[in-house]
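S.K.: any chance you can model this:
(one chain, ligands or ions: 1)
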Amino acid sequence: MSYSPATRPTASPAEAPAVEVAGARKGFGRGGQRVRAVDGVDLRVGRGEVVALLGPNGAGKTTLLDMVLGFTDPDEGTVRTLGAAPRQSVRAGRIGAVLQTGGLLDDLSVRETVAMVATLHRDPLPVDEALERAGAAGFARRKVSRCSGGQQQRLRFALALLPEPDLLVLDEPTAGMDVRARREFWAAMHAEAERGRTVVFATHYLDEAEEFAVRTVVLKDGRVVADAATAEVRALAGTRVVSFRWTGPRPVVVPGASPLDPAGGRVRLTGPDTDAIARHLLATPHARELEIAHAGLEEAFLGLTADRPHPPTSRPEQGAP
Ligand SMILES: Nc1ncnc2c1ncn2[C@@H]1O[C@H](COP(=O)(O)OP(=O)(O)OP(=O)(O)O)[C@@H](O)[C@H]1O
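M.R.: Residues are numbered from 1 along each chain as shown. As a prediction, the model looks like this:
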C-alpha cells in the first residue's frame, strides 16, 4: 500500500525528487503543553507528481508544508526540495506557494500587485501571462481590498507562477471559495500540472483530493496514516465497520473480518463484506447491540492495509475481565 519509498538514495540535483522528507519531527511548546505537530514523517514526491495532503484540523499539514517551503526547520530529520535545502530552492525561484493568508496589499490592484512582485524575480513570466494562467485576468484592475477570498487566492496563484517554479505548494488553496470558483481554480491548476510541474497541496476534503490528485497522503496527529493512489483512498473511505458488544468466549473469530481498535467498550470489525460479517454475528447468541457504520479514513486504512502491523484478531471490550 505504501506508495513511494522515502528512503531511496538521493539522486543528483537535476533528477532529485521534488520533495524528500525523512524522519521529520517538529513540536511546539514545552513540557506537558508540547504539541507534536509533525511526528516522524517520511515523504517522497517525484517530479511531475500531483499529491494531496489530506487531514483534519491540526493534522500537521501546514507545519509539514512550512518545512517544505523553508519557513521552519524540522527539530529532527531532513527536508530537501529539488535536490537542495528548501530555502535555497525558494530563493532560486524553483518553488511557488499559495498560502491561506497574508502577503497582499489592499490598496494595490491585482495587476499592480503582480507587476510589483515580478520586479523581485530575475526572469519572471510576463505579468499578463501570469494573470491569464491563474484565471485572474478578468479582475486584474480590481483593488485587492475589493476582491473576494477566491479572487485573492487566484492572485496568490498568479504570484506563485511568476518565477515559473518547478514545484507548486498550496495550503488549502480553495478554502472559502464557492463551487464555481473552486472548479475554475482547479482547472487552472490542472493546466500547470500538465506543463510538468509538481504540485503538492493540503486539503480537508477527500473530494478535492479526488478531483485533482493522483496520489493522496493522509495525515493524522502529525503522522502519515496512509499514502496511496487517490482512487484507493476513496474506495477505503466507503469502508464500513460492524460494532457490537460481545458476551461469548474470546477471541472473537469471524471469517473475512479484520479487527479495529475498540471504541466505547465495543468490538469493531471491518472487511470487504460487512453484511456477511453482520449475518455471521447475528447467527451467534453472543453479539449484542450490533451496528454497521462508515469507518473514518484512518480506521479504514488501519483495518485493511496489508503491510501495516495489525492488531490481534480480536480486541476485548474495554474494561472486560
Ligand atoms: N506556531 C505554533 N505554535 C504552537 N502550536 C502550533 C503552531 N503551529 C501549529 N501548531 C499546532 O500543531 C498542530 C498541527 O498544526 P497544523 O497547522 O500544522 O495542522 P493542519 O493540518 O495544517 O491544520 P489546519 O487544517 O487546521 O490548518 C496543531 O495542534 C497546532 O495547534
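S.K.: close to the ligand: what parts of this structure are there?
M.R.: 28-29, 35, 37, 55, 57-63, 204 (CB under 6 Å from any ligand atom). Bear in mind the C-beta positions are built from the backbone N, C-alpha and C, glycine included.
S.K.: send me the longest helix seen in the chain as CSV with only the CA atoms.
M.R.: Assignment by DSSP state H gives helix 179-194 as the longest helix of the chain. Extracted C-alpha coordinates of helix 179-194, given in CSV (Å, rounded to 0.1, in the frame of the first residue of the first chain):
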residue,chain,number,x,y,z
VAL,A,179,-18.2,25.7,-6.1
ARG,A,180,-17.7,27.6,-9.3
ALA,A,181,-14.5,29.4,-8.1
ARG,A,182,-13.2,26.1,-6.8
ARG,A,183,-13.7,24.5,-10.2
GLU,A,184,-12.0,27.3,-12.1
PHE,A,185,-9.1,27.3,-9.7
TRP,A,186,-8.5,23.6,-10.1
ALA,A,187,-8.9,23.9,-13.9
ALA,A,188,-6.1,26.5,-13.9
MET,A,189,-4.0,24.2,-11.6
HIS,A,190,-4.6,21.2,-14.0
ALA,A,191,-3.1,23.2,-16.8
GLU,A,192,0.0,23.9,-14.7
ALA,A,193,0.3,20.2,-13.8
GLU,A,194,0.1,19.4,-17.4
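S.K.: buried residues in that helix?
M.R.: Buried residues in helix 179-194, counted by 16 or more other CB atoms under 10 Å: A181, R182, E184, F185, W186, A188, M189, E192, A193.
S.K.: domain-wise, how is this protein divided?
M.R.: 19-94+165-235, 238-304 (automatic domain parsing).
S.K.: returning to what we had before: of the buried residues of helix 179-194, closest to the ligand?
M.R.: R182 (16.8 Å; CB to the nearest ligand atom).
S.K.: ok, which stretches of the stretch 51-200 of the chain are helices?
M.R.: 61-68, 86-91, 110-118, 127-133, 149-161, 179-194 (DSSP state H, counting those that start in this stretch).
S.K.: lowest average pLDDT across those helices?
M.R.: When the helices of the stretch 51-200 of the chain are ranked by mean pLDDT, helix 179-194 comes last with a mean of 86.
S.K.: what's next to that helix, contact-wise?
M.R.: Residues from elsewhere that reach helix 179-194, judged by CB atoms under 8 Å, 6 or more residues apart in numbering: 48, 50, 133-135, 148, 150-151, 153-154, 157, 161, 168, 170, 173-174, 177, 199, 208, 211-212.
S.K.: which residues of this structure score low on pLDDT?
M.R.: The chain contains residues with pLDDT under 70 at 1-14, 102, 261-264, 296-321.
S.K.: buried subset of the residues of the chain next to the ligand, written for ChimeraX?
M.R.: Of these, the buried ones go into a single ChimeraX selection, burial set by 16+ other CB under 10 Å:
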select :37,55,59,60,61,62,63
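S.K.: what's the most distant pair in the residues of the chain next to the ligand?
M.R.: Taking CB to CB as the measure, these span a maximum distance of 23.7 Å, between G29 and H204.
S.K.: reformat the helices of the stretch 51-200 of the chain as CSV; add distance to F244.
M.R.: Output for the helices of the stretch 51-200 of the chain, formatted as CSV (distance: least, CB to CB, whole Å):
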stretch, distance to F244
helix 61-68, 35
helix 86-91, 49
helix 110-118, 58
helix 127-133, 55
helix 149-161, 46
helix 179-194, 40
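S.K.: of all those, which lies closest to V242?
M.R.: helix 61-68 (31.2 Å).
S.K.: C-alpha coordinates for that closest one, CSV please?
M.R.: Presented in CSV, the C-alpha positions along helix 61-68 are these (Å, rounded to 0.1, in the frame of the first residue of the first chain):
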residue,chain,number,x,y,z
LYS,A,61,-0.4,19.7,7.1
THR,A,62,0.7,23.3,7.4
THR,A,63,3.7,22.5,9.6
LEU,A,64,4.9,20.0,7.0
LEU,A,65,4.4,22.4,4.2
ASP,A,66,6.1,25.2,6.1
MET,A,67,9.2,22.9,6.3
VAL,A,68,9.0,22.1,2.6
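S.K.: who's in contact with it?
M.R.: 19, 21, 24, 26, 37-38, 41, 43, 53, 55, 72-74, 79, 81, 86, 95, 97, 169, 171-172, 200, 202, 219, 222.
S.K.: what does stretch 205-216 give?
M.R.: Contacts for stretch 205-216 (CB under 8 Å, 6+ apart): 3-4, 49-52, 54, 174, 182, 186, 189-190, 199, 201, 203, 226-231, 233-234, 237, 297.
S.K.: and the gap between the most centrally placed residue in the chain and L219?
M.R.: The structure's the chain has its C-alpha centroid closest to L53; by CA atoms, centre = their mean the separation is 0.9 Å. For L53, the distance to L219 equals 6 Å [CB to CB, to the nearest Å].
S.K.: what's the closest non-adjacent residue to the residue of the chain positioned farthest from its centre?
M.R.: Taking CA atoms, centre = their mean as the measure, the residue most remote from the mean C-alpha position of the chain is P285, 43.4 Å away. Leaving aside its sequence neighbours, P285 sits nearest to G248 (CB to CB, 6 or more residues apart in numbering; 7.3 Å).
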